[in-house]
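**Student:** I would like the atomic coordinates for the input below:
(one chain, ligands or ions: 2)
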Amino acid sequence: MIGRLNHVAIAVPDLEAASAQYRNTLGATVGAPQDEPDHGVTVVFIELPNTKIELLYPLGDESPINGFLEKNPSGGIHHICYEVDDILKARDHLLAEGARVLGSGEPKIGAHGKPVLFLHPKDFNGCLVELEQV
Ligand SMILES: C[C@H](C(=O)O)C(=O)SCCNC(=O)CCNC(=O)[C@H](O)C(C)(C)COP(=O)(O)OP(=O)(O)OC[C@H]1O[C@@H](n2cnc3c(N)ncnc32)[C@H](O)[C@@H]1OP(=O)(O)O
Ligand SMILES: [Co+2]
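**Tutor:** Ligands and ions are numbered 1, 2, ... in the order given. Modelled structure (predicted):
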């Protein structure tokens, strides 16, 4: 069911500084900030040869990243995103397996314009999992 690793997301306390560090210190190809109001984040994607890094910064008071940064003020790995062919089929399988799908359970459109869902970290070894239909 899960396919390629689409991205690894890192919540950062300073998006500009983290972007400059990846661009200048790590010599990576760093995209422009992208507001995702539906998800309460501003994201920056870093293209790697085999996957992407998604830098996450809170957008708005309700952002799910605020709580994470309060607990982890210097930032940290926030989630990993796996690709799936059919997100509704994957969701129904996961629900049947007893996993918790976060939010309404209906996919939202993510930063790549594709449907995404999130699975509770407590069900996956303390790791917040995102699924993206590609
Ligand atoms: C758009 C873009 C894209 O790629 O397209 C994105 O990714 S958007 C990315 C932003 N969107 C999301 O993250 C949506 C999914 N996230 C959520 O629904 C929520 O953040 C959540 C349910 C994971 C956590 O909600 P919360 O922070 O209010 O809840 P709590 O603080 O009570 O956390 C409950 C327990 O989960 C743990 N916990 C919280 N967040 C994480 C995380 N990222 N990774 C691992 N564990 C986590 C807490 O430490 C706590 O553990 P303990 O009980 O042991 O203390
Ligand atoms: Co993501």
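
**Student:** so who does the closest residue to Leu88 other than its chain neighbours touch?
**Tutor:** Leaving out its chain neighbours, the residue that sits closest to Leu88 by CB to CB, 6 or more residues apart in numbering is Pro107, at 7.4 Å. Yep, even glycine has a C-beta here, placed from its N, CA and C like the rest. Residues in contact with Pro107 (CB atoms under 8 Å, 6 or more residues apart in numbering) are Ile87, Leu88, Arg91, Pro115, Val116, Leu117, Gln133.

**Student:** if I look at Pro107, how far off is ligand 1?
**Tutor:** To ligand 1, Pro107 is 11 Å away according to CB to the nearest ligand atom, to the nearest Å.

**Student:** same thing with Val8?
**Tutor:** As for Val8, its distance to ligand 1 is 10 Å (criterion: CB to the nearest ligand atom).

**Student:** list the contacts for that residue?
**Tutor:** Per CB under 8 Å, 6+ apart, neighbours of Val8: Thr51, Lys52, Ile53, Glu54, Ile77, His79, Ile80, Cys81.

**Student:** and what of Val84?
**Tutor:** Met1, Ile2, Gly3, Ala90, Leu131, Glu132, Gln133, Val134.

**Student:** any idea of the pLDDT on Leu15?
**Tutor:** If you check Leu15, the pLDDT there is 98.

**Student:** Now it: closest residue in space, sequence neighbours ignored.
**Tutor:** Using CB to CB, 6+ apart and skipping residues adjacent in sequence, the residue nearest Leu15 is Tyr57, 4.0 Å away.

**Student:** Near the one you found, how many other residues are there?
**Tutor:** If you count neighbours by other CB atoms under 10 Å, Tyr57 ends up with 22.

**Student:** How about Arg100?
**Tutor:** 14.

**Student:** what does Ile77 give?
**Tutor:** Neighbours of Ile77 under the rule other CB under 10 Å: 13.

**Student:** That one contacts Ala9, correct?
**Tutor:** Yes. Using CB atoms under 8 Å, Ile77 is in contact with Ala9, at 7.3 Å.
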